[in-house]
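Q: The following comprises the amino acid sequence and a computationally predicted model.
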Amino acid sequence: MALKIIFMGTPEFAVPILESIYNSKHKLIGVYTQPPKKKFRGQKIQSSPIQQLAEKLKIPVRCPNNLDQEEEFKYIKDLNPNIVIVVAYGKIIPEKLLNLSNISFINIHASILPKFRGAAPIQRAIMNMDKETGITIMKIEKELDSGPIMSSKKIKITKECNFETLSLKLSGLASKTIIESLDLIERKKDKFIPQNNSEATYAKKINKSESKIIWNSKASNVIAKINALHPNPGSWFRFNGLRIKVLKAKEIKKSGKPGEILDEKITIACADNAIQILELKKEGKKSMNAIDFLKGNKLKIGHILNDE
């Protein structure tokens, strides 16, 4: 018998997963997402990607500021789902809901747990220069990302991966894996294995202060940061008083003082080796490649970039 499902999610990452469940034999009876908010300063209030999709698919959608309200508890209890699936929802599930004996709360997490529990597993895997990552399907318990695991699938992280491209790959993987898992649950063939808490590591939320490029770092670490924070918040440095966001770069075997401009191809020295910037974005401007940037900006070879 098809399962009755409530879906909780917010960002673009969750969209293919919601679509996959909608197109399966299982029944989506409701969606929860974060309330609409201003995406950028001065813009109109914008609903989340999940709210937009739910409304398009004509699935009832709710956007409470707080799940820990009697109204929401009653609403979920009255819907009587078999499963609540949570994907990057952005809110803690209250213990009162988790204690409902007839509902299973399942989370899709973008790492191979118990590694990188927490808010930013994709970014931290790239910044850590890991060779692989994946997704984990697990039961939600009170402690963050600590519940028993039903399924995990791995994929490789290539040098070309950034947050945007790796998110797409992981989301696609999750959209297939969740259907396999739901079918097993429906047939009562699901099995959950406890995590080894002694092996747990944590992927703390990205702080905007981390986005500044530190030239006194290894070139490989600078590249990893650029990729991990692309497209948002992005990695940046200052040039002629302007903040320059680096969208794409590669490591070059050249040396100099950290932050030193080494040539007219926007090659900048790091603690070891250097990075060559291929694509960048000036503050308040559109993105451009290095050639176009150099047409309007003269580089002084030997100049050392700092907090100018």
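A: Looks like it came in fine. Predicted model, so just to flag it, every value in this text is computed and none were measured.

Q: Do you have the helices of the stretch 101-250 of the chain handy? List them.
A: Listed in chain order, the helices of the stretch 101-250 of the chain (DSSP state H, counting those that start in this stretch) span 121-127, 163-186, 219-228.

Q: who wins for proximity to residue 82 among the ones you listed?
A: Nearest of the helices of the stretch 101-250 of the chain to residue 82, taken as C-beta to C-beta: helix 163-186 at 7.9 Å. Every C-beta, even on glycine, is put in place using the N, C-alpha and C of the backbone.

Q: related to what we said a few turns ago, mind putting the helices of the stretch 101-250 of the chain into CSV with distance to residue 92 and mean neighbour count?
A: Converted to CSV, those look like this (distance: least, C-beta to C-beta, whole Å; neighbours: other C-beta atoms under 10 Å):
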stretch, distance to residue 92, mean neighbour count
helix 121-127, 17, 24
helix 163-186, 21, 18
helix 219-228, 25, 22
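
Q: so which of those gets nearest residue 35?
A: Of these, nearest to residue 35 by C-beta to C-beta is helix 163-186, at 22.4 Å.

Q: And the closest one, how far out from the chain middle?
A: 14 Å (C-alpha atoms, centre = their mean, to the nearest Å).

Q: Tabulate the CA atom coordinates of that helix in PDB.
A: Taking Å, rounded to 0.1, in the frame of the first residue of the first chain, the C-alpha atoms of helix 163-186 are listed here in PDB:
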ATOM      1  CA  PHE A 163      29.100  23.600  -4.200                       C
ATOM      2  CA  GLU A 164      26.600  24.200  -7.000                       C
ATOM      3  CA  THR A 165      27.600  21.200  -9.200                       C
ATOM      4  CA  LEU A 166      28.200  18.800  -6.300                       C
ATOM      5  CA  SER A 167      24.800  19.800  -4.800                       C
ATOM      6  CA  LEU A 168      23.100  18.900  -8.100                       C
ATOM      7  CA  LYS A 169      24.800  15.500  -8.200                       C
ATOM      8  CA  LEU A 170      23.900  14.700  -4.600                       C
ATOM      9  CA  SER A 171      20.300  15.900  -5.000                       C
ATOM     10  CA  GLY A 172      19.900  13.600  -8.100                       C
ATOM     11  CA  LEU A 173      21.400  10.700  -6.100                       C
ATOM     12  CA  ALA A 174      19.100  11.400  -3.200                       C
ATOM     13  CA  SER A 175      16.000  11.600  -5.400                       C
ATOM     14  CA  LYS A 176      16.600   8.000  -6.600                       C
ATOM     15  CA  THR A 177      17.700   6.600  -3.300                       C
ATOM     16  CA  ILE A 178      14.700   7.900  -1.300                       C
ATOM     17  CA  ILE A 179      12.300   6.000  -3.600                       C
ATOM     18  CA  GLU A 180      14.200   2.800  -3.100                       C
ATOM     19  CA  SER A 181      14.100   3.400   0.700                       C
ATOM     20  CA  LEU A 182      10.400   4.200   0.700                       C
ATOM     21  CA  ASP A 183       9.600   1.000  -1.200                       C
ATOM     22  CA  LEU A 184      11.600  -1.000   1.400                       C
ATOM     23  CA  ILE A 185       9.700   0.700   4.200                       C
ATOM     24  CA  GLU A 186       6.400   0.000   2.500                       C
END
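
Q: any idea which helix or strand of the protein has the worst average confidence?
A: strand 37-38 (a mean of 84; mean pLDDT, DSSP states H and E).

Q: packing partners for that strand?
A: Packed against strand 37-38 by the contact rule (3 or more C-beta pairs under 8 Å, 6 or more residues apart in numbering; DSSP states H and E) you find strand 45-46.

Q: Could you spell out the sheet neighbours of the least confident helix or strand of the chain, each with its direction?
A: Its sheet considered, strand 37-38 pairs with strand 45-46 (antiparallel) by DSSP bridges.

Q: Identify the spatial nearest neighbour of residue 193, chain neighbours not counted.
A: Once flanking residues are discounted, residue 193 sits nearest to residue 149: 5.3 Å by C-beta to C-beta, 6 or more residues apart in numbering.

Q: residues making contact with the least confident helix or strand of the chain?
A: With C-beta atoms under 8 Å, 6 or more residues apart in numbering as the test, strand 37-38 has contacts from 44, 45, 46.

Q: could you measure the first one against residue 123, distance?
A: This points to residue 44. Applying C-beta to C-beta, to the nearest Å, the value for residue 44 to residue 123 is 28 Å.

Q: This completes my enquiry, with thanks.
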